[in-house]
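> got a predicted model here, sequence first, then my questions.
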Amino acid sequence: MPRRTPAITVPALVLSLGLVAACSPADAGTSAPPDGEASAPTGDVTSSYPLELDNCGVDVTFDAPPERVVTIKSSTAEMLLALGLGDRVVGSAFLDGPVPDSLADAAAGTPVAEPFSDEVPGTEAVLALEPDLVYAGWESNVSADGAGDRDTLAQLGVSTYVSPAACKGEGYMPDPLTFETVFAEIAEVGSIFDADDAAAQLVGEQEATLASVTPDGRGLDALWYSSGDDIPYVGAGIGAPQMIMDAVGLTNVAGDVHDTWTPFSWEQIIAADPDVIVLVDALWNSADDKIARLESNPATAELTAVREQRYLVIPFPATEAGVRNVDAVVDLTDQLTELDIDE
């Protein structure tokens with residue numbers, strides 16, 4: 001299906017910063033930058049306001065950097081912490097797990113350390129914090145059933161911004177998601193908060209880390225097991241799981257499914273017999289729970305990966321597009337290297 005590029009960046013700014021991913025497709029599953037484009041910026045760059053963005057099909061204008069932000073989902077809270085913007089957060093909600101050790105100091109003393117809601121907050125709870133921006137990880141977070149629909153919040157003087165990687169509308173949904181998209185969001189958030197230099201530095205560091213990873217060359221198949229009992233819910237072919245597995249050097253057994261995540265029957269998993277299984281470790285469905293389920297079922301207990309206990313574990317907050325994806329690639333690559341697999 002023809003698709004227009006998601007409007008997630010300010011093109012002139014991104015090009016001037018040189019924030020297009022610099023690693024080769026073989027290294028990270030992304031496009032290399034055009035000839036002569038620098039992978040890291042030099043000098044100070046500042047945003048200009050008003051800043052007008054097309055965010056998931058919603059026009060958003062920032063007249064100044066936001067000062068009071070409510071974040072919804074771990075990906076958004078961690079984005080601001082990674083950019084040194086934790087002091088702008090007045091409330092954080094619906095976190096998917098603890099922040100990584102690398103951001104623990106940045107989170108200390110901020111509302112991210114003490115979320116005001118374990119679920120998507122309601123409009124009243126959000127407005128009580130007097131935010132000028134709600135930064136949401138999913139489009140559904142800013143709906144009438146969530147923190148409030150975007151038009152209503154705008155009429156009340158509250159801007160909204162949804163992680164572009166989570167856009168679902170035609171022409172806005174990344175297809176597939178790439179690290180270039182992830183890095184572009186970092187750049188755009190930097191522009192919104194007049195933190196362009198911090199964003200450029202973070203992107204440069206993540207590009208360098210990603211480029212340093214050597215994908216596994218053994219041609220291993222993998223199942224990305226996210227959740228589910230009767231019907232497993234697994235990473236499909238165009239979302240963050242696929243992006244991460246590509247960078248690690250794993251072939252996704254559900255990669256032909258044109259979606260981000262998908263139901264995938266036990267019969268399909270047994271037929272695929274993956275070499276390794278990536279287990280998502282979530283507060284509500286731990287990796288240990290999944291292992292117990294796999295090993296107690298006579299059918300799945302005979303899977304090669306289960307018999308040989310070839311498990312890779314990834315925390316849930318690292319499975320959605322954001323600043324933790326590159327570290328997830330490094331972590332999974334290290335875990336995979338430690339597995340004794342003769343292929």
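Nice, I can see it.
> helices of the protein, start to end?
Secondary structure of the chain (DSSP state H): helices located at 11-17, 25-28, 74-82, 101-107, 123-127, 150-155, 179-192, 196-211, 240-248, 266-272, 287-296, 304-307, 325-338.
> and for residue 238, nearest residue in space, chain neighbours not counted?
residue 176 (3.8 Å; CB to CB, 6 or more residues apart in numbering). Heads up, the C-betas are built off the backbone N, CA and C, glycines and all.
> residue 304 too?
Nearest non-adjacent residue to residue 304, counting by CB to CB, 6+ apart: residue 273, 5.4 Å away.
> what's the neighbour count on the one you found?
Residues lying near residue 273 (other CB atoms under 10 Å) number 14.
> for residue 173, phi and psi?
Torsion angles at residue 173 (phi, psi; degrees, to the nearest 10) stand at phi -70, psi 120.
> what's the burial count for the closest residue to it other than its chain neighbours?
In space, and not counting its chain neighbours, residue 173 is closest to residue 167: 5.3 Å by CB to CB, 6+ apart. By the measure other CB under 10 Å, the count of residues near residue 167 is 21.
> try residue 293
Close neighbours of residue 293, defined as other CB under 10 Å, add up to 15.
> pLDDT score assigned to it?
Model confidence at residue 293, given as pLDDT, is 96.
> now do residue 285
Reported pLDDT for residue 285: 94.
> same question for residue 342.
Confidence score, pLDDT, at residue 342: 73.
> return the distance of it relative to residue 331.
23 Å (CB to CB, to the nearest Å).
> give me the more crowded residue out of the two.
Counted by other CB under 10 Å, residue 342 and residue 331 do not tie: residue 331 has more neighbours, with 19 against 4.
> state the number of residues packed around the residue lying closest to that one once chain neighbours are set aside.
Leaving out its chain neighbours, the residue that sits closest to residue 331 by CB to CB, 6+ apart is residue 314, at 7.0 Å. Counted with other CB under 10 Å, residues neighbouring residue 314 total 23.
> residue 314: what's it in contact with?
Residues near residue 314 by CB atoms under 8 Å, 6 or more residues apart in numbering: 244, 278-281, 328, 331-332.
> for it, name its beta-bridge partners.
residue 280 (DSSP bridges).
> for it, give me the pLDDT.
Looking at residue 314, its pLDDT reads 98.
> and it, how far from residue 152?
For residue 314 relative to residue 152 (CB to CB), the value is 36 Å.
> swap in residue 185?
For residue 185, the distance to residue 152 equals 25 Å [CB to CB].
> is it true that the residue nearest to residue 173 touches residue 136?
No. Contact between residue 167 and residue 136 fails when scored by CB atoms under 8 Å: they sit 11.1 Å apart.
> out of residue 185 and residue 152, which sits in the busier spot?
residue 185 (24 against 15).
> in this structure that one contacts residue 163, no?
Yes. Between residue 185 and residue 163 there is a contact under CB under 8 Å: 6.3 Å.
> where do the contact lists of the two overlap?
Common contacts of residue 185 and residue 163 (CB under 8 Å, 6+ apart): 79, 321-322.
> of those residues, grab the buried ones for PyMOL.
Buried residues among these (16 or more other CB atoms under 10 Å), as a PyMOL selection:
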select buried, resi 79+321+322
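> which among the shared contacts of residue 185 and residue 163 gets closest to residue 85?
Of all the shared contacts of residue 185 and residue 163, residue 85 sits closest to residue 79, with 8.3 Å by CB to CB.
> shaky segments in this protein?
Screening the chain residue by residue with the criterion pLDDT under 70, one finds the ranges 1-45, 343.
> break it down into its domains, please.
Domains of the chain are assigned by automatic domain parsing as 11-211, 221-338.
> just give me the neighbour total for residue 108.
Per other CB under 10 Å, the neighbour tally for residue 108 reads 11.
> torsion angles phi and psi at it?
The phi/psi pair for residue 108 (degrees, to the nearest 10) reads phi -60, psi 130.
> show the contacting residues for it.
For residue 108, the contact set (CB under 8 Å, 6+ apart) is empty.
> and it, how far from residue 83?
Using CB to CB, we find residue 108 at a distance of 16 Å from residue 83.
> what of residue 263?
Distance, residue 263 to residue 83, using CB to CB: 36 Å.
> these two: which has the busier surroundings?
Between residue 263 and residue 83, counted using other CB under 10 Å, the more crowded position is residue 83 (22 against 15).
> do I have it right that that one meets residue 195?
Yes. Counting by CB under 8 Å, residue 83 touches residue 195, with 5.2 Å between them.
> touching both of the two, which residues are there?
Counting by CB under 8 Å, 6+ apart, the shared contacts of residue 83 and residue 195 are residue 189.
> can you count the residues close to the closest residue to residue 249 other than its chain neighbours?
Excluding the flanking residues, the one nearest residue 249 by CB to CB, 6+ apart is residue 215, at 3.1 Å. The number of residues packed near residue 215 is 18, by other CB under 10 Å.
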